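Visitor: Pasting the sequence and the predicted coordinates here, then a few questions.
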Amino acid sequence: MSILQKIKNTVRSRSIHVSYVDVGSCNGCDIEVLACLAPRYDIEQYGIYVHNNPREADVLLVIGSVTPQWVDKLRDIWDKIPEPKVAVAIGNCPISGCVYARRGTLTSPPVEKYIPIAAQVPGCPPRPTEILNAILSVAPLIFKDYEEKQP
Amino acid sequence: MRSFVYYVREFLRPEWIRKFFFARTAPLETPSYFKGYPTRTEKECTGCFSCMMICPAPGAIAVLRKKDEWGPEVYPGHCIRCGLCVEACPEGVLSSGRILDVTDRDRTAFASWYHLEVDDNLCMRCGNCCVSCPVNRQIDPQLAGTGTSASDEVIMRIEGGRVRILHMEKCTGCTTCETQCPNRAIRVARMVEGVQLPEAEA
Ligand code: SF4
Ligand code: SF4
Ligand code: SF4
Ligand code: SF4
């Protein structure tokens, strides 16, 4: 493994930038993501920083069950994130549509139809610890030795 | 000058440096009383579907038959961990957090029944509902094609040119009447109410 790759690995393990997008949820999951920032859970002690700029992001947290307005925009946001990148579905909405998965609603889950999802955190809403664990366990899988794994 | 030296010495202590750069909050444990996804206890499921009927999330729970045995199955990604199925199960088949302990202690339970309602503006008095109802047919096999009946024991009958509901409590919730009604005039609703059970004899 090259020295450069080692440096990249070290830096990436301590500096994960997260961006989140709500594509039509009840806001419960947004509040739990917010709770990760609070001192009780303190997401930054793990080197995870929450931004709302996809161009700076490594991890995209997708929340919500995809309303029609988001169908094309979600793909745009995903394309804006520089490689290496990973998307994590937060909550039941992006997985199944949760309580919106009934006749007469305008949502069209799952989010997997629009962008590739690497991990899912089920729950309505998931606990902050579950969100944290998901980011911490999926990020190294994607980011470690990223350049060397490229064909 | 002395305070400057003091601060430099203070901040060069290995312990201070270690704490500054590597401090972590203690790993957070999920307390045992948190409601997780409902899990099976060793009690036997009777296949009454109370859990499925009370569940507010689409597709979260299914009572399946596997090798002569009924059993509920909870699907993460659909389940919202509300715990209603745990409370609704009369057999205590499901468990989550301390719900069972609390319902045992407080002696609370859910009571359910079926509510029938006929919208007189939509109903055209055809009597389909009264004739098709399996409970009605059992009570009064003579039930006429017009839905009139001499028996007072039927759930409902045509009386004085309109549907009269006599014994709502006998309804089994099969919704046959709903499907047979040409005008969607009759509606069957499952009602659920929290009840306080009488104190157990000590
Ligand atoms: S906990 Fe609530 S949402 Fe989950 S299966 Fe039970 S009733 Fe349904
Ligand atoms: S789990 Fe309980 S409520 Fe559900 S079908 Fe079985 S006995 Fe009935
Ligand atoms: S739901 Fe079934 S049992 Fe109840 S009134 Fe209708 S047909 Fe009869
Ligand atoms: S089947 Fe419908 S329209 Fe006919 S009597 Fe019953 S409620 Fe009225």
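Guide: Now that the structure is in, tell me what you want to look at. Ligands and ions are numbered 1, 2, ... in the order given.
Visitor: so how far is ligand 4 from the residue nearest to B:Asn136 when sequence neighbours are not counted?
Guide: Spatial nearest neighbour of B:Asn136, excluding adjacent residues (CB to CB, 6 or more residues apart in numbering or on different chains): B:Val154 at 4.8 Å. (Each C-beta comes from the backbone N, C-alpha and C, glycine too.) Using CB to the nearest ligand atom, to the nearest Å, we find B:Val154 at a distance of 13 Å from ligand 4.
Visitor: now do A:Glu148
Guide: 71 Å.
Visitor: Hmm, that residue is touching A:Gln5, no?
Guide: Yes - the pair A:Glu148 / A:Gln5 is scored as a contact, 5.8 Å apart, by CB atoms under 8 Å.
Visitor: Which one of the two is surrounded by more residues?
Guide: Between A:Glu148 and A:Gln5, A:Gln5 has the larger neighbour count (other CB atoms under 10 Å in any protein chain shown), namely 14 against 11.
Visitor: OK, contacts around the more buried one?
Guide: A:Asp145, A:Glu147, A:Glu148 (CB atoms under 8 Å, 6 or more residues apart in numbering or on different chains).
Visitor: List the neighbouring strands of the helix or strand hosting B:Val192 plus their orientation.
Guide: Taking DSSP states H and E as the definition, B:Val192 sits inside strand B:186-196. Paired strands of strand B:186-196, with direction, are strand B:108-118 (antiparallel) (DSSP bridges).
Visitor: Run the chain-centre distance for the partner strand.
Guide: Centroid separation for strand B:108-118 versus its chain: 12 Å, with CA atoms, centre = their mean, to the nearest Å.
Visitor: For that strand, buried residues please.
Guide: Neighbour counts using 16 or more other CB atoms under 10 Å in any protein chain shown place B:Ala109, B:Phe110, B:Tyr114, B:Leu116, B:Val118 of strand B:108-118 among the buried residues.
Visitor: Can you find the helix or strand in chain B with the smallest mean pLDDT?
Guide: Least confident helix or strand, chain B: helix B:14-22 with a mean of 82, by mean pLDDT, DSSP states H and E.
Visitor: what residue ranges in chain B are flagged as low confidence?
Guide: B:26-27, B:200-202 (pLDDT under 70).
Visitor: On the pLDDT front, check the closest residue to ligand 4 within chain A for me.
Guide: Nearest residue of chain A to ligand 4 (CB to the nearest ligand atom) works out as A:Arg103 at 22.5 Å. Here, the pLDDT recorded for A:Arg103 equals 83.
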